[in-house]
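Enquirer: What shape does this take:
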Amino acid sequence: MKYLHLKVAMGLALILIFAKAWALPDIQHWQTDNGIPVYFVAASELPIIDIEIVFDAASSRDGEQAGIALMTNAMLAEGAGGLSAEQLSDAFADAGAEFANDSLRDMAWLSLRSLREDRYLQPALKHFLKILGQPDFPPAAFARERQRVLQSLAYDKQSPAKLLSKAFYRNLYGSHAYASPVYGTQNSLNALSSADLKAFYEKYYVASNAVIAMMGAVELKQAKALAQQISQVLSPGQKPPALAAASQIADAQTQHIDFPSTQTHIRLGQMGISRYAPDRFALSLANYTLGGGGLVSRLMHEVREKQGLAYSVYSRFSLMREAGPFVIGLQTRTDQTQHAITLVRQILQDYVKTGPSTAELQAAKDNMTGGFALMLDSNAKILSNLALIGFYGLPLDYLHTWQDKVRAVTLEQVREALKKHLNPEKMLLITVGKDSH
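Expert: Okay, the predicted model is just below:
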């Protein structure tokens, strides 16, 4: 019933939010006594509070133990403060709260959504803090979780999309930290112990390596008290050293992975840019025209509409702490594989040379600025943006200046950025499917 209360409150809030004039969030920022940066937005429309705490504790920190970051994060709620996973789950359900956690390549996080009333919030927060500050890493639960991930890895071998993604990161990043497979490998997982996870937790889940994002129906004074309460369960620790810069592959590379499928999965790309790159807005606009704009993109028009080689084709830049990948992806029939690859390469080569037209650039700007409100149309999305701003150290006015920065990009800047950052002659090509030769 309490969980139903939360869902009803969320539903009513949607009406209130859309009835209210849309406005950019007013971000409050401070540090806890032990130095954790906090980013907070008050939102009185919803009788709930959302909390997310983010750590630089993802797979880029795996080192020689691939998968340890994911396993550590996954085990946090499998037993904490002397309570089992089932007891913790029941406690959140009794309080009508939602707990979540995950680990990616750059960041790992834990989140809590609770009704604002103390009779719901306090028990939910109590158990959230147990998970955050007192994980037990019980050996039996560790064995179960490891087996679950091993089964997932076995399933991945039957998924051409998973094979493609892993091969792409492995070949593109080589010895860089981003090459570490998020889920690890069979050998690396079997070599891990619950003691290893505890050591990883004690090194990376610390105050000096954390960011707190909060949004909800509390005043600033209450938000500061909550942040302080959260911060006190973490040891001070030390901030890990910066990641090494990622280097581009020296020459074009191709790898084919044989797989008994009727279609070939194709990924073409290279290292792109980091989230801090001055050209990020220019390249986001460029990508919209190339393959990020769906049916109106050049890749979709040429590959799907004119040639009928694929149902879907896309391009994207993944913005990360260090240079993330730029990729073009599609699936096509085995007998059309070489034709599709040749066409995609030609489209990319022509686009890098000439860039978008004036009309295409304006259409990209209109789409990006017109859709900006959708980035902030829910508490969850605003919270995600707060966490992003905090984790990557972006300026507090990041959201307030975003649209102006998009509008300010010139055609010449887009063309220069394409030529500077993309080299069609030195791309990595990974294909998964039957041999098409």
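Enquirer: and D106, helix, strand or coil?
Expert: Going by DSSP: H, G, I helix; E, B strand; the rest coil, the secondary structure assigned to D106 is coil.
Enquirer: tell me the phi and psi of it?
Expert: Listed backbone geometry of D106 is phi -100, psi -40, with angles given as degrees, to the nearest 10.
Enquirer: That one - how many residues pack around it?
Expert: The number of residues packed around D106, counting by other Cβ atoms under 10 Å, is 25. (Each C-beta comes from the backbone N, C-alpha and C, glycine too.)
Enquirer: That one and Y392, how far apart?
Expert: As for D106, its distance to Y392 is 8 Å (criterion: Cβ to Cβ, to the nearest Å).
Enquirer: Who are the contact partners of the closest residue to S44 other than its chain neighbours?
Expert: Sequence neighbours aside, A217 is the residue nearest to S44 in space, at 5.2 Å (criterion: Cβ to Cβ, 6 or more residues apart in numbering). With contacts defined as Cβ atoms under 8 Å, 6 or more residues apart in numbering, A217 is in contact with A42, A43, S44, E45, L46, P47, I48, I49, R116.
Enquirer: Now tell me which of those residues the prediction trusts least.
Expert: In terms of pLDDT, the weakest of the contacts of A217 is L46, which scores 84.
Enquirer: for that residue, helix, strand, or coil?
Expert: Following three-state DSSP, L46 is assigned to coil.
Enquirer: That one: neighbour count?
Expert: Every residue meeting other Cβ under 10 Å relative to L46 is counted, giving 23.
Enquirer: Pretty sure L115 is one of the things it touches, is it not?
Expert: No. When contacts are counted by Cβ atoms under 8 Å, L46 is not listed as touching L115 (9.4 Å).
Enquirer: if we can go back for a sec, which residues do D106 and Y392 both contact?
Expert: Shared contacts of D106 and Y392 (Cβ under 8 Å, 6+ apart): R321.
Enquirer: my guess is R321 contacts D106, does it?
Expert: Yes. Shown here, R321 and D106 form a contact pair, counting by Cβ under 8 Å, at 5.1 Å.
Enquirer: Nearest residue to the residue most central in space within the chain in space, please, no chain neighbours.
Expert: Relative to the mean C-alpha position of the chain, the nearest C-alpha, by Cα atoms, centre = their mean, is the one of L104, at 6.4 Å. In space, not counting the residues next to it along the chain, L104 is nearest to A58; the distance is 5.1 Å by Cβ to Cβ, 6+ apart.
Enquirer: now do L299
Expert: For L299, the nearest residue in space outside its immediate sequence neighbours is G291; the separation is 4.0 Å by Cβ to Cβ, 6+ apart.
Enquirer: Run through the residues that contact the one you found.
Expert: Taking Cβ under 8 Å, 6+ apart, we find G291 in contact with S297, R298, L299, M300, V313, Y314, S315, R316, I328.
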